[in-house]
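**Q** Here's a sequence, model it:
(one chain, ligands or ions: 2)
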Amino acid sequence: NPLSLDPLKSKSPIGRIVDAPNGVVSFSRYAGARKFHELPISKRTKNGLEEGGFKKMTDIQVASLPHALCGRDILGAAKTGSGKTLAFVIPVLEKLYRERWGPEDGVGTIIISPTRELAGQLFDVLKAVGKHHNFSAGLLIGGRKGVDTEKERVNELNILVCTPGRLLQHMDETPNFDCSQLQVLVLDEADRILDIGFKKTLNAIVSQLPKHRQTLLFSATQTKSVQDLARLSLKDPEYISVHQEAV
Ligand code: ADP
Ligand code: MG
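**A** Ligands and ions are numbered 1, 2, ... in the order given. Next comes the predicted model:
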């Protein structure tokens, strides 16, 4: 099956909100958290993290998660290997969970990654950490023959993990492609996306997305073109730059 349509976990309906009534989280209460279990996140996510062996947060996670969990836009820079993936995977899962996102709600999150390989790796992290949630997620990456199969099913997915070219192809070609309810956009490894030459593609994508959304932009380096992309895609972002060595 060319489309990894992968219910992160299906069975019980989306449960009640335990940690964050009304989805309101105060930044200041959680600013000092060093461990994942201290964060205002669902039991489902905590269990996924624990089963993945994740306990202590890395510096980029410590610095960005309390803001991202409050719904803030993030411009985050930290070296390769510093743990940026969980800095956006957790807020994505929590946002959809708090919104009680269900199968009929369609695309709630788009995650853009520069290459097929990186998209595949982050999809695996999403599946592992999100396995106790009910969301469906799909890997939409260029180069495979399965674009037609993807087109039939893309509107059933809650979380799209895509390379830029393939996402724009779906936006242009897929009948009824609907991202009008998008809650969170993630631009991962943004410097590499731009280095590869996807600036125009990204601009075309972002200009078609609903403005009312949270955007999380992560990059290994803060280049001029990353700043330009940030200006285009982020709203009043929290700027986070950390220098921790790789974990
Ligand atoms: P980046 O995107 O910044 O290059 P990744 O998110 O790919 O980094 O993480 C790099 C490695 O660190 C991965 O193997 C990941 O499993 C591991 N990692 C991430 N966060 C933690 C953590 N809090 N505790 C332990 N290992 C972690
Ligand atoms: Mg990464």
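
**Q** contacts and neighbour counts: CA atoms only from here.
**A** Will do.

**Q** how about the residues of this structure that lie near ligand 1?
**A** With CA under 6 Å from any ligand atom as the criterion, the chain comes near ligand 1 at residues 54, 56-58, 79-86, 247.

**Q** Tell me the one of the residues you listed nearest residue 179?
**A** The shortest separation between residue 179 and any of the residues of the chain next to ligand 1 is 22.5 Å, and it belongs to residue 85 (by CA to CA).

**Q** which stretch of helix or strand covers the closest one?
**A** For residue 85, the element it lies in under DSSP states H and E is helix 84-98.

**Q** which helices and strands sit right next to that helix?
**A** Using 3 or more CA pairs under 8 Å, 6 or more residues apart in numbering; DSSP states H and E, the elements in contact with helix 84-98 are helix 43-51, helix 59-69, helix 116-129, strand 184-187.

**Q** Quick one: name whatever helix or strand follows the shortest one.
**A** Okay, so that is strand 184-187. Going down the chain from strand 184-187, the next helix or strand is helix 190-196, by DSSP H and E.

**Q** Buried residues, that following helix. List them.
**A** Buried residues in helix 190-196, counting neighbours by 16 or more other CA atoms under 10 Å, are found at 190, 191, 192, 193, 194.

**Q** picking up where we left off before, mean pLDDT and mean neighbour count for the helices and strands packed on helix 84-98 - can I get that in a markdown table?
**A** Putting the helices and strands packed on helix 84-98 into a markdown table (pLDDT from 0 to 100; neighbours: other CA atoms under 10 Å) gives the following:
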| stretch | mean pLDDT | mean neighbour count |
| --- | --- | --- |
| helix 43-51 | 97 | 18 |
| helix 59-69 | 95 | 23 |
| helix 116-129 | 97 | 18 |
| strand 184-187 | 98 | 24 |
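
**Q** hmm, back to that, please list the residues outside the helix holding residue 85 that contact it.
**A** If you take CA atoms under 8 Å, 6 or more residues apart in numbering as the criterion, helix 84-98 is touched by 14, 17, 20, 22-23, 41-42, 45, 60-61, 64-65, 68-69, 78, 108-109, 122, 125-126, 130, 133, 183-184, 186, 188, 216, 218.

**Q** how about the nearest residue to residue 192, chain neighbours excluded?
**A** residue 114 (6.1 Å; CA to CA, 6 or more residues apart in numbering).

**Q** Just to check, that neighbour is in contact with residue 165?
**A** No - assessed by CA atoms under 8 Å, residue 114 is found out of contact with residue 165, at 9.5 Å.

**Q** Give me the more crowded residue out of these two.
**A** Taking residue 114 and residue 165 together and counting by other CA atoms under 10 Å, residue 114 has the greater number of neighbours (24 against 20).

**Q** In space, what's closest to residue 167 - neighbours in sequence excluded?
**A** Using CA to CA, 6+ apart and skipping residues adjacent in sequence, the residue nearest residue 167 is residue 140, 7.0 Å away.
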